[in-house]
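sequence first, then the predicted structure:
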Amino acid sequence: MPESRERSPLEPDLVAVPAAPLPNRGVPNEADRRWRRIAHNALLILFVLFAILALIANWLASELLDDDRYVDMMSALAGEPAIQEVVAQAVSSRFVDRFLASGAAGTSPSPGLSSTEGLTRLAAV
């Protein structure tokens with residue numbers, strides 16, 4: 001038999017109270033399962049869409065918006081004489097076409113020169 005001891009007046013009475021049983025929901029019914037499936041599929045679709053958007057944003061940031069790599073590539077190309085010739089011909093032909101189309105020239109170019117030949121020589125100088 002346990003030994004009885006004196007209790008302090010401040011010590012509360014400890015009485016064993018049986019725990020209330022938890023509500024037994026049992027197996028989820030069909031409506032619960034359907035909503036869980038719908039929520040699961042919706043979250044899965046959102047995850048896939050956001051993953052695709054994240055991949056596209058990462059590619060844009062690393063490839064298209066990298067100014068330093070673009071400048072490095074273009075500076076190497078701009079130093080080549082073949083590239084300079086192509087750019088000079090394209091710019092001069094565009095300029096001559098617009099100049100002649102606006103009627104500002106007043107006369108046609110020299111019969112011995114094509115419309116871009118004279119300006120290409122000037123651009124190379």
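Good, I have the coordinates.

only C-alpha atoms for contact and neighbour calcs from this point on.
Noted.

what strand or helix carries residue 44?
Taking DSSP states H and E as the criterion, residue 44 maps to helix 30-59.

heading C-terminal from that helix, find the next helix or strand.
Sequence-wise, the next helix or strand beyond helix 30-59 is helix 67-78, with elements assigned using DSSP H and E.

contact partners of that following helix?
Applying C-alpha atoms under 8 Å, 6 or more residues apart in numbering, the contact partners of helix 67-78 are 83, 84.

next, the buried residues of the helix or strand that comes right after it.
Along the chain past helix 67-78, the next helix or strand (assigned with DSSP H and E) turns out to be helix 81-102. Buried residues in helix 81-102, counting neighbours by 16 or more other C-alpha atoms under 10 Å, are found at 88, 89, 91, 92, 93, 96.

what angle do helix 81-102 and helix 67-78 make?
Between helix 81-102 and helix 67-78, the angle comes out at 90 degrees (axes from the mean of the first three to the mean of the last three C-alpha atoms, to 10 degrees).

tally of neighbours for residue 69?
Taking other C-alpha atoms under 10 Å as the neighbour definition, residue 69 ends up with a count of 13.

I should have written residue 46 there, sorry.
When counting by other C-alpha under 10 Å, one arrives at 11 neighbours for residue 46.

now it: how far from residue 99?
Shown here: residue 46 relative to residue 99, a distance of 55 Å by C-alpha to C-alpha, to the nearest Å.
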